[in-house]
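*Asks:* Generate coordinates for the sequence data below:
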Amino acid sequence: MSERDNPTSIVHRKNEDYRSGYAKMFWQRQTLSACLVISLIIALAACSTGSTSPQVVKSPATSVHLTPTPTSLPHGTLLYQSDWSHGLAGWHGSAGWKLTHGWLQSDLSDGNFITLPYTPVVPNYAIEVRFQIVSVPQNGGSFVVTADRARGKDGYTAGILGLLGPGPHSEFANPQVQVYLNPLDSMGSNMVVSDYEPGFGPHTYRIEVQDSQVRFFIDDLRKSFATSTQTDFLSNGPLQLKATKAIVRVFSVRVTAL
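*Replies:* Alright, predicted model coming up:
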């Protein structure tokens, strides 16, 4: 009897085939499982190395304190201080301004202006200008500080207007000190005007911008103020010094936070 016809051989061969197929299936499953594990490990490694942001796990008993971005600076923080030891250093304006012995000085031209190289970074600030009126040959001179009107912010002008030249004058003719807004119809009250004769000694302008109000001081005495009814804040620049028909000497300009 041949092996093909022997029932025992047939059964034996079937058992071998079954065991061979089962082993093959077993190792295929093991290989597939191993591949899945390796893929998972690679994916987790890629996630851990590809992310640059630290992961914070917060437990119920742990609180996280975040420091808010400041919207203002401490009162009196110095924001800008003029320094003309190396030239105008960013100051730009008309040809009527020049440096003389370390200070800024205007000539007698009409409408001299010069722009500060700094714009305040906070909405509430103060400008201090130390100056001297050197000469006013004829009536009508002025020296003011201005902030241009900006989008959503009224501008302002603060200073002395109507400086008088030499010669006799009426007792009712005096220079006037005031601050007013641009545009004028934004002002919530009438313009506050004071008579003021600066003479030829040094003085200090101090202009305080607080939200929608501007206050004007000379030598620490409040002379004028104005409040806008149209905008919540006033302009923070560009800031300019303007002199007309007068020689004005400026010793320093500083800007501080309010």
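
*Asks:* make it CA atoms for all contacts and neighbour counts henceforth
*Replies:* Noted.

*Asks:* Would you mind listing where the stretch 101-250 of the chain has pLDDT under the threshold?
*Replies:* Residues of the stretch 101-250 of the chain meeting the criterion pLDDT under 70: none.

*Asks:* Which stretches in it count as strands?
*Replies:* 103-106, 112-115, 125-135, 141-147, 155-163, 176-182, 193-195, 202-210, 213-218, 221-227, 239-244, 247-257 (DSSP state E, counting those that start in this stretch).

*Asks:* Listing partners with orientation, what would you give for the first one?
*Replies:* Each strand that pairs with strand 103-106, with its direction, by DSSP bridges: strand 97-100 (antiparallel), strand 247-257 (antiparallel).

*Asks:* just these: most buried one?
*Replies:* The highest mean neighbour count among these, using mean count of other C-alpha atoms under 10 Å, belongs to strand 247-257: a mean of 21.

*Asks:* And it, how far out from the chain middle?
*Replies:* In terms of C-alpha atoms, centre = their mean, to the nearest Å, the centre of strand 247-257 is set 21 Å apart from its chain centre.

*Asks:* likewise stretch 168-184?
*Replies:* On C-alpha atoms, centre = their mean, the centre of stretch 168-184 falls 34 Å from that of its chain.

*Asks:* now stretch 111-122
*Replies:* 14 Å.

*Asks:* cool, stretch 208-219 as well?
*Replies:* Counting by C-alpha atoms, centre = their mean, stretch 208-219 comes out at 20 Å from the chain centroid.

*Asks:* try stretch 240-254
*Replies:* Counting by C-alpha atoms, centre = their mean, stretch 240-254 comes out at 26 Å from the chain centroid.

*Asks:* and the gap between Ser106 and Gly165?
*Replies:* Distance of Ser106 to Gly165, computed by C-alpha to C-alpha, to the nearest Å: 16 Å.

*Asks:* Compare neighbour counts for these two and give me the winner.
*Replies:* Ser106 (26 against 16; other C-alpha atoms under 10 Å).

*Asks:* what sits opposite that one in the beta ladder?
*Replies:* Going by DSSP bridges, Ser106 forms beta bridges with Trp97.

*Asks:* That one against Ala243, yeah?
*Replies:* Yes. Counting by C-alpha atoms under 8 Å, Ala243 is a contact partner of Ser106 at 6.9 Å.

*Asks:* shared neighbours of the two, anything?
*Replies:* Asn112 (C-alpha atoms under 8 Å, 6 or more residues apart in numbering).

*Asks:* if we can go back for a sec, export the strands paired with strand 103-106 to a markdown table and append columns for distance to Val129.
*Replies:* Below are these laid out as a markdown table (distance: least, C-alpha to C-alpha, whole Å):
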| stretch | distance to Val129 |
| --- | --- |
| strand 97-100 | 16 |
| strand 247-257 | 5 |
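
*Asks:* Of these, which is nearest Trp91?
*Replies:* For Trp91, the closest of these is strand 97-100, at 10.0 Å, according to C-alpha to C-alpha.

*Asks:* what's the spacing between Glu197 and His203?
*Replies:* Relative to His203, and taking C-alpha to C-alpha, Glu197 is found at 11 Å.

*Asks:* who's more crowded, the two?
*Replies:* His203 (18 against 14).

*Asks:* what's the more buried one in contact with, if anything?
*Replies:* Per C-alpha under 8 Å, 6+ apart, neighbours of His203: Arg130, Phe131, Gln132, Ile218, Asp219.

*Asks:* Among those residues, which one lies nearest to Gln178?
*Replies:* Ile218 (10.4 Å).
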